[in-house]
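In: what would the 3D arrangement of this be:
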Amino acid sequence: MASPNSAGSGSERKLIRVPSTDTHARFNLSPVPSVEDDEVDSINNNRRNYANIEHDDSGEEVDLTGGVYDSTTTVTMFDHHHDVTSKPGDQDNGLVTDVAYVVHKHYENFETIDWLKDLMRSRIRHRTLRSQRRQSWRKRWTFWFDTWSGWICVLLVGILAGLVAGFVDIGAKWMSHWRTGVCTPAFWLNREQCCWASPKVEFDAVHNEICEHWKSWSQIFDMDQTSVSAWFFRYFMFIFWSVIYATFIVILVVGSAPYASGSGIPEIKTILSGFIMYGYLGKWTFFIKSIGMIFATSAGLIVGKEGPFVHISCCCGNIFSKLFPKYGNNEARKREILSAAAATGVSVAFGAPIGGILFSLEEISYYFPYKTLWRTFLCCMVGALVVRIINPYGNGHEIQFPVEYNVPWATFEVIPFIGLGALGGLWGTLFIKTNIRWLKYKKTSRIGQYPRAEVIILTLITAFICYPNDYLRLTMPELIRRLVGQCHIDDHMDLCDYIRDKPVGTATAKLYAALAGPGLHRAIWQLFWALIVQMILVIFTIGIKVPSGLIVPSISIGAIAGRLIGIITEQIAFQNQDLALLRHECGVSNEHCVTPGLYAVVGACAFLGGVSRMTVSLVVIMSEVTGGLSYIVPLMVTALTAKWVGDAFGEGIYEENVKLSGYPFLENRESFRFSLKAGEAIRANRNGENPPLACIYQDGMTIAQLDALVRHQPHSIYPVVISEDFPCIVGQVQRRDLLAVLKSRKIQLTYTQTKPLLNRKVSVVSMSNLLNKSGQPSSLGRRRASIALKASKFLQLHKLVDRAPVIVTDQTPMEAVVDMFRKLGCRQIFVSKNGRLLGILTRKDIIRLMHEANVSRKFDD
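Out: Now for the predicted structure:
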């Protein structure tokens, strides 16, 4: 082909931009495929013979000289004038050096995964293994192992999650009881286990066991149990052990595993949506959080261990997925295991396997294919079975709060059930707004700078307030178990103190409704005080730097409120049996027609639903937790009412925490309320400004210009366009790929060479085998560029270009764009107008626009 100074067609001069004075090396970027595929095939054939290029799983860079550097990309270079990769000392004046492939080992931290690319790689990998399975027994075994790896992985996750749950439940109960006393024959037994072998067991006003083997701290030091000094000594030991537990765990969490704090559910939701958070599901976080749940709940803080079990189970899923290349090397497929693990966390925490599956499907998971449902079913079943074998609750089954009654509920009780649902929705709104405001204040005040002191002071205040109240002195699971239970004939606690006119016959005789006795009045005031204390303390406790779940505190607060309303309803029904509303249900006989324990179950459902805004999964979880399958309709009425009332004032606690942390979570249940087009959204993102787009041109850029673009415009991806005059998008290039190649170039230049392989002054970098827009063979395009740039050296980078970017026109409705982000899992979408690149929409842009839409809707309302 003729040089630019010789005769040639006018079209050729327009295609090749030849500056007159610039002699810098240039990037020529065009992703048009070459018609001369034999060149690439020869490279692929020679690649198998390169012993100095190693691939490991460390995520490090291996350059052509064999040196290992910190990076997440493997770069391999080839010289087209030699059959193998040249060593640094053997470089010559070859025209083309080809970066044949770039292997992405890992995503960067705090980056969104590419769902389409990862799922495509997984399908290609499966087809490759399937096609090779008949070549040898080893490859056949590899194929079958890869096929069954998902089932094996979830089986291991279920076993480990069940073991950890049993260990945590047993340890937390024992250490909580240690604050009030010790089992002298065997110190490793809790209070309930200690009294099993005692010949005489009595119970106090809150149904705590009293036996000769269990000694309070004042008894151990031979103090008079009825004296004031003994009471204050027990008070001191209660506070002492609470502070010791909290101090130990907050030092461990803040110093060693900051990710172990909180419940982890908002972060798990974000991770399952495709966000990368390295270390959040690591082994050290798993270990610290498992121990931390024991100490945090034993310290008496208003936190639960059931929420963090979701985080713990996902850590198990992340750890075991690394054993299987199908999931360990593919972030999109790994999220299938994490979805199953999240469901198992609920299953082992509550003994609710079906509720755990629905919880993952409704509240947690972002991508939940049909095959994941069956694996999740297996994982939850195995976890619940392991918990049942361990028997941490001591009741012979995996149900944590068993309901041992089956009394039918009356029709008129729908009214108080709806009232409980409304109260739950209002409480959820109050808690979310006050807690989020408190967390925001801590971020900007000095309180947030001293997390250890905050936890210690809060524990001191909690223990100081809770000990005088018999019900607050109990652990929250023990309190809930007493509230949801039904009074028996041999119960002597205050909640069962009724003035009965009829004498009770046998132990199996039915209990009849009666007037409240003095013990029940005392219990009502203590429960009311406990309700106020827990409501206030939970606002300031959720968000501290210890493992802290919100599920059990919400259930506890709801159970107290429900029991109080149940007692009031019971007394009204008993004293007004002649009312028309009550005559049909309660006027037939003096038999009990209102069950206060049922109201505790319904209240727990209402208050948890008001905070989390769950519906279907919540009803199933509460049914499985209590075993009360006869009360599904009241639970459904309450959960739906709580959600309606709560949604009228804002979103749930998990969504608000995601927004507070600034995670790029795109809610898949929210509709886009703006009637915008994609082009208008681009202009809205620029806020009236019109900055130039950070683009890479397929020809005409120097290496120095590209280096400056990557350093000064740190975007994760860059569009590749034809030219500045004609910005037609032809592909996209990731920043980490360019950084890896530029780093390899700079490393090469450090060697002492007479003729270095690449040099900034004379090297030309091309991302195509074809450097024009006419579709001519690559050799002609290369010769044109070579002559135009005075025979400079080429560095081929055409395989870095992704030739299938997602593009929409400027007239595309934003509703369709949002659905593409949600259903396709896009990281970014390019917007074009008449074939020219107009701008880029990212996931964060969509989240910001949706937030602005919600804010404007609130102002309009």
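In: per-residue confidence at residue 831?
Out: For residue 831, the pLDDT comes out at 92.
In: who does it form a beta bridge with?
Out: With DSSP bridges applied, residue 831 shows beta-bridge pairing to residue 808, residue 839.
In: all strands for the stretch 751-861 of the chain, in order.
Out: With DSSP state E, counting those that start in this stretch as the criterion, the stretch 751-861 of the chain has strands at 763-766, 793-796, 807-809, 828-833, 836-842.
In: among these, which gets the worst mean confidence?
Out: Per-stretch mean pLDDT for these is lowest at strand 763-766 (a mean of 52).
In: the stretch 351-500 of the chain: helices as residue ranges?
Out: 353-359, 370-390, 414-444, 451-466, 470-473, 476-484 (DSSP state H, counting those that start in this stretch).
In: what's the most buried one of the ones you listed?
Out: Of all those, helix 353-359 has the most neighbours on average by mean count of other Cβ atoms under 10 Å, namely a mean of 26. Any C-beta I mention is one placed from the backbone N, CA and C, and that applies to glycine too.
In: list the contacts of that helix.
Out: Outside helix 353-359, the residues that touch it by Cβ atoms under 8 Å, 6 or more residues apart in numbering are 342-347, 350, 373, 376-377, 380-381, 383-384, 614, 616-618, 620-625.
In: now do 7 Å
Out: The contact list for helix 353-359 (Cβ atoms under 7 Å, 6 or more residues apart in numbering) reads 343-344, 346-347, 376-377, 380-381, 384, 616-617, 620-621, 624.
In: state the distance from residue 204 to residue 824.
Out: 61 Å (Cβ to Cβ, to the nearest Å).
In: same deal with residue 570?
Out: Distance from residue 570 to residue 824, by Cβ to Cβ: 55 Å.
In: now do residue 573
Out: Counting by Cβ to Cβ - residue 573 and residue 824 are separated by 56 Å.
In: closest to residue 838 out of the helices of the stretch 351-500 of the chain?
Out: helix 414-444 (36.6 Å; Cβ to Cβ).
In: just checking, what packs against that closest one?
Out: helix 518-541, helix 551-575, helix 596-612, helix 632-647, helix 653-661 (3 or more Cβ pairs under 7 Å, 6 or more residues apart in numbering; DSSP states H and E).
In: now the second one: buried residues?
Out: Within helix 551-575, the residues that count as buried by 16 or more other Cβ atoms under 10 Å are 551-571, 573-574.
In: same check, this time on the last one
Out: For helix 653-661, the neighbour count (16+ other Cβ under 10 Å) marks 653-659 as buried.
In: output the contacting helices and strands for that helix.
Out: helix 265-272, helix 414-444, helix 596-612.
In: over to the first one?
Out: In terms of contacts (3+ Cβ pairs under 7 Å, 6+ apart), helix 518-541 is packed against helix 414-444, helix 451-466, helix 470-473, helix 551-575.
In: repeat that for the fourth one.
Out: In this structure, helix 632-647 makes packing contacts with helix 414-444, helix 596-612, helix 616-626, judged by 3+ Cβ pairs under 7 Å, 6+ apart.
In: and residue 721, which of those helices is closest to it?
Out: When these are compared (using Cβ to Cβ), the closest one is helix 414-444, at 41.2 Å.
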